[in-house]
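Enquirer: Sharing a model that was predicted from the sequence below.
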Protein chains: 2
Amino acid sequence: MKLENPTPINWKFSDRAEQLQSSAIREILKVTMRPEVISFAGGLPSPETFPVERMKAAFDKVLSTQGKAALQYGPTDGYAPLREFLADSLSVDGSRILPEQILMVSGSQQGLDLLGKVLVDEGSKVLVETPSYLGALQAFSVYRPEFVSVDTDAHGLIPASVASKGAGARLMYALPNFQNPTGRTLSVERRVELVETCARMGIPLIEDNPYGDLCYSGEPLPKMLNMNPGGVIYMGSFSKVLTPGIRLGYVVGPTPLIRKLEQAKQAADLHTAQLTQMVVYEVIKDGFLAEHIPTIRNLYSRQCNVMLDAMKKHFPAGVEWTTPEGGMFIWITLPAHIDSNELLAEAIQQNVAFVPGGPFYANEAEKNTMRLSFVTVSPERINEGIEKLGKLIKARIPA
Amino acid sequence: MKLENPTPINWKFSDRAEQLQSSAIREILKVTMRPEVISFAGGLPSPETFPVERMKAAFDKVLSTQGKAALQYGPTDGYAPLREFLADSLSVDGSRILPEQILMVSGSQQGLDLLGKVLVDEGSKVLVETPSYLGALQAFSVYRPEFVSVDTDAHGLIPASVASKGAGARLMYALPNFQNPTGRTLSVERRVELVETCARMGIPLIEDNPYGDLCYSGEPLPKMLNMNPGGVIYMGSFSKVLTPGIRLGYVVGPTPLIRKLEQAKQAADLHTAQLTQMVVYEVIKDGFLAEHIPTIRNLYSRQCNVMLDAMKKHFPAGVEWTTPEGGMFIWITLPAHIDSNELLAEAIQQNVAFVPGGPFYANEAEKNTMRLSFVTVSPERINEGIEKLGKLIKARIPA
């Protein structure tokens, strides 16, 4: 019954599909899967931190006691006990977050896609940091916005730039804690100013917070969500504090928006796996994260210091880098004439990899930048890799 | 630090978000969760068929032996051994399907969303059956197509109608086996004609097949995919043969399309949970489905016969219904003057529920139709519910 010589399809993709490209990072990661490569390119958390035994016990318990419910279709907004738990955890600093303000999603990336879907029309003005999280740029770009790059300095986003460039914007996307890619943290004063500015201008403010709990010392800074629950859309994730492979995150916001996002999610994938949500609730409900997260902080803090020390030792004058107070990334600014794409090509020859900074810019890229992650590489290999990178950089600086 | 009296956001949603509404079925399901309601409204598979112990053992094994890999980020296209297994299973009838032609998705619904995203522009012509699967209409409608309703008869979709109405269409969406909502099956002859027509006209043909394995007797009919692998996009799902709550399905198609869908999936949710894919592979790799699926077929076949017998006994002359050869649904056509929405309001008063047929039509709805599912209701309650429905219908037919 097979057709003989059927006419092949001449694929015509949608205009929005023409925007899509494979992530530069994922393409680099394919190259760097070889074990001999010292890869600072990953955005992956360290598997050493995954509580495998605890997850296994929770899967066993949920499947033993509520197996059929866990494996059946579930509600689009998510597993109610988990939403209630999260709502309570987020109700701090004098504000009350209700469970109906929370939508569980299949990882934060889905939250970004759904927000783009319901908030962005073709040509809508979308404000992003300079540079910004690549996954957010990808998710929003499908909906063909006009990206406006908000100015930043060594302390992160400059709220006055929102005031001057943001009129009529459909959303402002910010990652205030240990930003991906720069590792920068927005000060409390700037948070207040940003929240006030967005509220005054009627711009929904997205606070993406995958790394917030990974502070190396002290306590996390106050969330912008709690400063103005009616105007801030908060995104949380279990990827960096439990495990990423289960794909579980959540979006918190004003009820009219959450109901619209819920409809979009219903059309997009019906709901996020019940079993996963029940297991995560089982794992965290008695306070496990409070004992687990410090072990991640300690590991990443140690690794970060190793990389910072290695850079001091091996990088030449004229190279600048951020000193993160948490999270997974250091951002490097090379002398202006060095293109980090060219540096990467040389580095891969020497079995060292990183992510060039260009793709993190919505508009004009600063090509002399790069992102390094230290979390999955051993101290010895961090030293070795940074030393190699230092030599390559020095070779590109005229004597 | 909470803002005092911030200006509330005046939410402006995207034009596409204005298309979104909550599914009529999900709204009805909320009403019918009360245990006293006899609900024929669900599209849920019977939890009696879920292999809970087998799933539990597979989670335990995968987490014990490959825990860290299972819980880490994974590739966007999916877990390679599972894709290889599926490619082999689909390579029949003289055609070879390659693993790179398969994209794993977070349930078939995500496949529909991604297909709409990469194939449909605003105003694109999209061909659907009359009536069609509601979830597909919802997924595509976000991208604002012009739906064209292809004619159908008691034997399903009429291929000649595609030839006459389909010029320039961006896709044809068909559900050939035990269709949701009608329960109808497309004959082999019509499959061949449909595949030929679409190939000749250059229209990508989507073959959605969630129920194909649930035939009550004999073997499943040949897949359209194998008749023209270069022009057919096949969608498979584990929801009806294993469990739906894990959210796992797959899209099979020509490589250029699959790569574009992969990019769209990367922006939409990065990837589907590795753990889930590894567990499903563990469950099915040694032929479990071949022993498991017959138990589902037998259960659904028995329940279907109970409902068909009850309708013969209790429904008055002038009511027509389909006689499914598999799957989960029977489609009822009432006398033309009866609006099934009004019937539903009365039925709910008597603790019986079903889904009115209207929402399954992309264009003019036939309001005298309704969809009944028999799979999660006991034989006694099927009889009781059909008897009550029969009385309500009789009361609406003039003596």
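Expert: That came through, no problem.

Enquirer: so how many other residues sit close to A:E18?
Expert: 11 (other Cβ atoms under 10 Å in any protein chain shown). All C-beta spots, glycine's among them, are computed from the backbone N, C-alpha and C.

Enquirer: and if you look at the one 3 residues further on?
Expert: Summarising burial for A:Q21: neighbours were counted as other Cβ under 10 Å, giving 13.

Enquirer: Got phi/psi on A:S39?
Expert: Per-residue torsions, A:S39: phi -110, psi 120 (degrees, to the nearest 10).

Enquirer: Could I get the contacting residues of it?
Expert: A:L29, A:T32, A:V352, A:A353, A:F354, A:T376, A:V377 (Cβ atoms under 8 Å, 6 or more residues apart in numbering or on different chains).

Enquirer: Can you mark which positions in stretch A:46-61 are buried?
Expert: A:46-47, A:49-52, A:54-60 (16 or more other Cβ atoms under 10 Å in any protein chain shown).

Enquirer: Also stretch A:373-382?
Expert: Under the neighbour-count criterion of 16+ other Cβ under 10 Å, stretch A:373-382 has A:S373, A:F374, A:V375, A:T376, A:V377, A:R381, A:I382 buried.

Enquirer: where's the third one relative to A:I246, distance?
Expert: What it means is A:V375. Separation of A:V375 from A:I246 (Cβ to Cβ, to the nearest Å): 18 Å.

Enquirer: Ok, A:Q109 next?
Expert: Going from A:Q109 to A:I246 by Cβ to Cβ gives 13 Å.

Enquirer: Can I get stretch A:376-387 in PDB? Just the C-alpha atoms.
Expert: This file holds the C-alpha atoms of stretch A:376-387, laid out as PDB (Å, rounded to 0.1, in the frame of the first residue of the first chain):
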ATOM      1  CA  THR A 376      30.400  20.500  37.200                       C
ATOM      2  CA  VAL A 377      34.200  20.700  36.900                       C
ATOM      3  CA  SER A 378      36.700  19.500  39.500                       C
ATOM      4  CA  PRO A 379      39.100  22.000  41.100                       C
ATOM      5  CA  GLU A 380      42.100  20.500  39.300                       C
ATOM      6  CA  ARG A 381      40.400  20.700  35.900                       C
ATOM      7  CA  ILE A 382      39.200  24.300  36.700                       C
ATOM      8  CA  ASN A 383      42.800  25.300  37.200                       C
ATOM      9  CA  GLU A 384      44.000  23.400  34.100                       C
ATOM     10  CA  GLY A 385      41.300  24.900  31.900                       C
ATOM     11  CA  ILE A 386      41.700  28.500  33.200                       C
ATOM     12  CA  GLU A 387      45.400  28.200  32.700                       C
END
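
Enquirer: Would you state the helices of the stretch 151-300 of chain A in chain order?
Expert: Secondary structure of the stretch 151-300 of chain A by DSSP state H, counting those that start in this stretch: the helices cover A:159-165, A:188-201, A:224-227, A:255-269, A:274-284, A:288-314.

Enquirer: Report the mean per-residue pLDDT for the third one.
Expert: Taken as a whole, helix A:224-227 carries a mean pLDDT of 98.

Enquirer: Wondering if that helix reaches chain B at all.
Expert: Yes. Judged by Cβ under 8 Å from any Cβ of the partner chain, helix A:224-227 and chain B are in contact via A:N226, A:M227.

Enquirer: List the contacts of that helix.
Expert: Residues outside helix A:224-227 that contact it (Cβ under 8 Å, 6+ apart) are A:90, A:92-95, A:97, A:174, A:176, A:191-192, A:194-195, A:205, A:207, A:232, A:234, A:252, B:1-3.

Enquirer: how does it look with 6 Å?
Expert: The contact list for helix A:224-227 (Cβ atoms under 6 Å, 6 or more residues apart in numbering or on different chains) reads A:V92, A:D93, A:S95, A:R191, A:V195, A:E207, A:V232, A:Y234, B:M1, B:K2, B:L3.

Enquirer: Who are the contact partners of the last one?
Expert: When contacts are counted by Cβ under 6 Å, 6+ apart, B:L3 touches A:M227, A:N228.

Enquirer: which SS class is it?
Expert: What DSSP: H, G, I helix; E, B strand; the rest coil gives for B:L3 is coil.

Enquirer: Where does the residue nearest to A:L98 when sequence neighbours are not counted sit, in terms of helix or strand?
Expert: In space, and not counting its chain neighbours, A:L98 is closest to A:A87: 5.8 Å by Cβ to Cβ, 6 or more residues apart in numbering or on different chains. A:A87 is part of helix A:80-90 when elements are defined by DSSP states H and E.
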